[in-house]
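K.L.:
have a look; sequence and predicted model below, questions after that.
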Amino acid sequence: CILVDLPGYGYAKMSKEEQKKISLLLQDYFIERDGLRLVIVLIDPRREIQQSDNEIIQFLEDNEIDFIVVATKCDKLTTNELTTSLNSLKFGYNLPDGQPIPVSSVTG
């Protein structure tokens with residue numbers, strides 16, 4: 001198992017041209033990885049729906065690449081905020097039942 005992390009991909013400060021280059025690089029990476037079994041899309045539930053997240057999810061769906069969406073930092077929200085945010089993410093990204101999967105560095 002190899003895990004590849006793209007820290008700050010959605011929040012990195014870069015020009016539109018740089019974002020496009022990285023997006024194309026990622027698309028090539030995902031399509032050409034024969035051993036790729038699953039992409040885990042990490043989303044911060046404290047943020048609004050992000051175009052970059054939506055684009056990668058759409059790309060994965062369009063190319064029939066298996067993925068799951070994980071909501072990180074869930075311990076940073078109250079129970080009500082978390083419930084609202086998870087529902088917003090589920091419907092905003094048109095996710096299947098059971099997603100996003102909430103995780104916390106505090107409680108797991």
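P.N.:
Everything's here; your move.
K.L.:
counting by contacts, list what the longest helix that the chain contains packs against.
P.N.:
Counting by DSSP state H, the longest helix found in the chain is helix 16-32. Judged by 3 or more C-beta pairs under 8 Å, 6 or more residues apart in numbering; DSSP states H and E, helix 16-32 is in contact with helix 51-62. C-betas here are computed from N, CA, C, even on glycine.
K.L.:
what angle do the helix it packs on and helix 16-32 make?
P.N.:
For helix 51-62 against helix 16-32, the angle by axes from the mean of the first three to the mean of the last three C-alpha atoms, to 10 degrees is 30 degrees.
K.L.:
send the alpha carbons of helix 51-62 over as CSV?
P.N.:
The C-alpha trace of helix 51-62 is given here as CSV (Å, rounded to 0.1, in the frame of the first residue of the first chain):
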residue,chain,number,x,y,z
GLN,A,51,-14.7,24.2,-6.6
SER,A,52,-11.3,22.3,-6.5
ASP,A,53,-12.9,19.5,-4.5
ASN,A,54,-15.9,19.4,-6.7
GLU,A,55,-13.7,19.2,-9.8
ILE,A,56,-11.6,16.3,-8.5
ILE,A,57,-14.7,14.4,-7.4
GLN,A,58,-16.3,14.9,-10.8
PHE,A,59,-13.1,13.8,-12.5
LEU,A,60,-12.9,10.7,-10.4
GLU,A,61,-16.6,9.9,-11.1
ASP,A,62,-16.2,10.6,-14.9
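K.L.:
okay, buried residues for that helix please.
P.N.:
53, 56-57, 59-60 (16 or more other C-beta atoms under 10 Å).
K.L.:
for the record, mean pLDDT for the longest helix of the chain?
P.N.:
The average pLDDT within helix 16-32 is 84.
K.L.:
list the contacts of it.
P.N.:
With contact meaning C-beta atoms under 8 Å, 6 or more residues apart in numbering, helix 16-32 is reached by 6, 9, 14, 36, 39, 52, 55-56, 59-60, 63, 65.
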